[in-house]
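Q: Pasted the sequence and its predicted model underneath.
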Amino acid sequence: MKFVLIFGPQAVGKMTVGQELEKITELKLFHNHMTIELLEPFFGFSPEMWRLSTLFRTEIFKAVAESKQKGLIFTYVWAFDQQDDWDYVDNICEIFESKEASIYFVELEANLDERVERNKSPHRLEHKPTKRNVDWSEKEIKETMKKYRLNSKKGEIKKENYIRIDNTNLSPMEVAKIISERFNL
């Protein structure tokens with residue numbers, strides 16, 4: 001069992017890279033918006049939506065970790081200055097580590113101009129209806145960037161299987177190939 005955590009700021013390309021990685025490995029993609037898009041129409045971006053999203057994700061992680069599947073790719077916006085996010089990542093990893101899964105950390109970064117452009121892409125908007133109000137979504141990207149630190153500091157992630165990729169000028173398939181080759185996926 002393999003668990004690949006792809007993280008980075010909004011619109012950096014986590015889902016799209018995950019989709020490409022899914023195509024070239026036997027891993028399934030579970031991108032973070034799969035639960036958000038399910039629950040937001042019922043609860044908006046409320047505490048109840050986030051509670052249920054966490055609950056659903058946790059149960060899916062447990063079920064996959066118990067299964068005979070080859071593994072899972074999950075995407076996440078990790079606020080490095082928030083202890084709750086560190087705890088959440090530790091909890092997810094523990095679910096998989098308890099079943100002797102190998103854990104891989106993939107951090108993506110891209111400059112703000114590129115992320116703002118990606119935020120408007122038809123592919124993103126097709127898969128993430130909550131991002132279709134592009135003005136709101138762009139404002140959220142910029143505000144979140146000021147409020148939280150969404151990329152790690154050098155040396156902050158001490159995991160053995162970790163890679164950081166600036167994908168500003170790389171295609172999603174190029175990034176997926178780098179990940180797959182680096183971790184022999």
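A: Here it is on my side, so go on. Residues are numbered from 1 along each chain as shown.
Q: buried stuff in stretch 47-64?
A: 49, 52-53, 57, 60-61, 64 (16 or more other Cβ atoms under 10 Å). The way it works is simple: take the backbone N, C-alpha and C, and place the C-beta from them, glycine included.
Q: cool, and stretch 16-35?
A: In terms of neighbour count (16+ other Cβ under 10 Å), stretch 16-35 has its buried residues at 16-22, 25, 27, 29-35.
Q: That stretch: end-to-end distance?
A: Taking Cα to Cα, to the nearest Å, the first and last residues of stretch 16-35 lie 17 Å apart.
Q: how much space between the nearest residue in space to residue 153 that is not next to it in sequence and residue 45?
A: Leaving out its chain neighbours, the residue that sits closest to residue 153 by Cβ to Cβ, 6 or more residues apart in numbering is residue 80, at 7.4 Å. For residue 80, the distance to residue 45 equals 21 Å [Cβ to Cβ, to the nearest Å].
Q: ok, now residue 60?
A: Residue 60 is 20 Å from residue 45, by Cβ to Cβ.
Q: ok, back up a step: so for residue 80 and residue 45, which residue has more residues nearby?
A: Between residue 80 and residue 45, counted using other Cβ atoms under 10 Å, residue 80 has the larger neighbour count: 17 against 11.
Q: just to revisit the earlier point, ok, of the buried residues of stretch 16-35, which one's closest to residue 131?
A: Using Cβ to Cβ, residue 33 is the member of the buried residues of stretch 16-35 that sits closest to residue 131, with 8.1 Å.
Q: so who does the residue lying closest to the closest one once chain neighbours are set aside touch?
A: Of all residues not flanking residue 33 in the chain, residue 128 sits nearest, at 4.8 Å (Cβ to Cβ, 6+ apart). Going by Cβ atoms under 8 Å, 6 or more residues apart in numbering, residue 128 touches 15, 33, 36-37.
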